[in-house]
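Engineer: Turn this into a structure:
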Amino acid sequence: MPEGLEGECIRGRFIGAGPVAIIDIGSNSIRLVVYERLSRSPTALFNEKMLAGLGRGLGQTGRLADDRVEAALKAITRYRAVCEHIGVTELRILATAAAREASNGPDFIRRVEEICGTTVQIFSGRDEAHYSAKGVVSGFWRADGMVGDLGGGSLELVNLDEGTIGHGMTFPLGGIRLQETAKRSLSKAAKIATTELGKADWLTEAQGRTFFAIGGTWRSLGRLHLFREGYPLHVMHDYSIPADAAIAFCERVMRDEEVAMRGIQFISKARRALLPYGATVMREVLLQSKAERVVFSALGVREGLLYEMLADDERAKDPLIEASKELGLLRARSPNYGTELVAWTNRLFNLCGVSETDYERRLRTAACHLSDIGWRAHPDYRGEQSLNVISNAGFVGIDHPGRAYLALSVFYRHEGLVDDAVSPELYKLCSERLLKMARILGASLRVASLLSASIEGVLPQLGLSLEEDKLVLTLPEGYEAFDGERLRKRLNQLSRLLDLDSEIVAAA
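Structural biologist: Numbers count the residues shown, from 1 in each chain. Predicted structure coming up:
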């Protein structure tokens, strides 16, 4: 069993230090997320959002509207009851722009604290920028670029240099605030965005780099683009658009053409009115920063806060590998089989000269831990079910080509090296190199599954050697009966992918 998880897994989920909950009180939405436990790859056990619109009218009145305050408090009362029912061990409440700036914000916060019995953390703009950036650090592999978090009341931009948080700035460009300040005029909104962002001469530090987009309005924009393009994965995290294409799309949305777009039905009606304003701000950020691409992040302030709650050794772990281990532990036949597969494929790849980058090596490691998650399905559907689970799983620290590699590797492990059953669009996500690597790994997993029955204890005892152009698999004493025609066919298939011959021998 993976280190640190002993005794923590019951009824299909992990216990550990949790459940942990965060109530996020924003200018537009109030959200409760209950996480299974505090871990490097947190999984949402429960997630509910209410579009309270606390920030509406704040620019004109300086106050939170009474009706919206009451609606928000009613939702928070429900959230506390849900937390008690689930058995939450720690509740954190954070509030951002609207509660921070309103004259009656302190009274609202006091009432929230009375309901929940805990202190509310009121984030400054600097705090929002810091935790948004931490959220990106926690959810992307070697994150580098500029982070932008668009809320209802404000926009936070912060520079991120290979995981190190640099300078940042808060702008009064949140969707609700911009809509009201511009009096619902998109042309005025564009001028305001241009002027405000022009105050940050450091935006060009993002030139040629990635712009990480956070926030519900921006994720809705990304989702709209995804459906319009007929993209094969409906996973928003790490969905990437070249900057020039994103600018053109934003301009189309600003012209109010989004109503006719395919996919608009998947966008909340409450969000649609803010889409043109979110598009206005994104367009201006991309124009002034000269970023190379937009990448949408499902992780932001909440996950940044969780990340900082972790011990240093937990923060240092790879979220993709941790999530894969956990899923393997919950679903595989044998807890340590994935770990043995990692070591066995290490030996095989090194022996046969299969060169991997750091990125490819961590993908292979994840695939090994995921290789047996579909075993409870009907044999005819194990490959398809595994592919669907992996390609749409809530993984972070992985881009979409990496998802396709993982899904295809495990699909090949069950179905063989056939391509007809997979959507051609999924293949397009992978480079030719990644497709080749997925086939080699899938063939390797097929050999290992016959050698071990996907149960730990056999793979470490097997001998592997390379004799001239022949891959030799040596069965140790007592395992001679494991040899068979089907195993030899699979080993031959793997060997052909590696431009080698193969042989199975018994130990002398």
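
Engineer: mean confidence score for the helix or strand harbouring P401?
Structural biologist: P401 is located in helix 400-415, with elements delineated by DSSP states H and E. Helix 400-415 carries an average pLDDT of 95.

Engineer: what residue ranges in the chain are flagged as low confidence?
Structural biologist: 1-11, 15, 257-263, 265-266, 421 (pLDDT under 70).

Engineer: Closest to the centroid, which residue in it?
Structural biologist: V396 (3.1 Å; Cα atoms, centre = their mean).

Engineer: who touches that one in this structure?
Structural biologist: Neighbouring residues of V396 by Cβ atoms under 8 Å, 6 or more residues apart in numbering: S41, S138, G139, F140, H237, D238, A298, L299, P319, L320, A323. (Glycine included, C-beta is placed from N, CA and C.)

Engineer: Tell me how far it lies from N492.
Structural biologist: 38 Å (Cβ to Cβ, to the nearest Å).

Engineer: check contacts around the nearest residue to A102 once chain neighbours are set aside.
Structural biologist: Of all residues not flanking A102 in the chain, L64 sits nearest, at 4.6 Å (Cβ to Cβ, 6 or more residues apart in numbering). For L64, the contact set (Cβ under 8 Å, 6+ apart) comprises L54, G55, L58, A98, A99, A102, N104, G105, F108.

Engineer: What is the nearest of these to E456?
Structural biologist: A99 (52.0 Å; Cβ to Cβ).

Engineer: Just confirm the closest one contacts L54, I think it does.
Structural biologist: Yes - at 7.0 Å, A99 counts as touching L54 under the criterion of Cβ atoms under 8 Å.

Engineer: Spit out the residues that contact the two alike.
Structural biologist: Joint contacts of A99 and L54 (Cβ under 8 Å, 6+ apart) are I25, L64.

Engineer: quick one, which of the two is more surrounded?
Structural biologist: L54 (30 against 27; other Cβ atoms under 10 Å).

Engineer: Need the three-state assignment for that one.
Structural biologist: Under DSSP: H, G, I helix; E, B strand; the rest coil, the three-state class of L54 is coil.

Engineer: Return the distance of it relative to C83.
Structural biologist: Counting by Cβ to Cβ - L54 and C83 are separated by 21 Å.

Engineer: Y359 now?
Structural biologist: Distance from Y359 to C83, by Cβ to Cβ: 38 Å.

Engineer: wait, what's in contact with G18?
Structural biologist: Y35, E36, R37, L38, S39, V88, T89, E90.

Engineer: what do you get for Y79?
Structural biologist: Counting by Cβ under 8 Å, 6+ apart, Y79 has contacts I23, I30, L32, E48, C116.

Engineer: nearest spatial neighbour of the first one, skipping sequence neighbours?
Structural biologist: Looking back up the chat, that one is I23. I93 (4.5 Å).

Engineer: And for that neighbour, the neighbour number?
Structural biologist: By the measure other Cβ under 10 Å, the count of residues near I93 is 23.

Engineer: Name the SS class of it, please.
Structural biologist: Per three-state DSSP, I93 ends up strand.

Engineer: Is S423 in contact with P232, as I believe?
Structural biologist: Yes - using Cβ under 8 Å, S423 makes contact with P232 at a distance of 5.7 Å.

Engineer: Between the two, which has more neighbouring residues?
Structural biologist: P232 (18 against 12).
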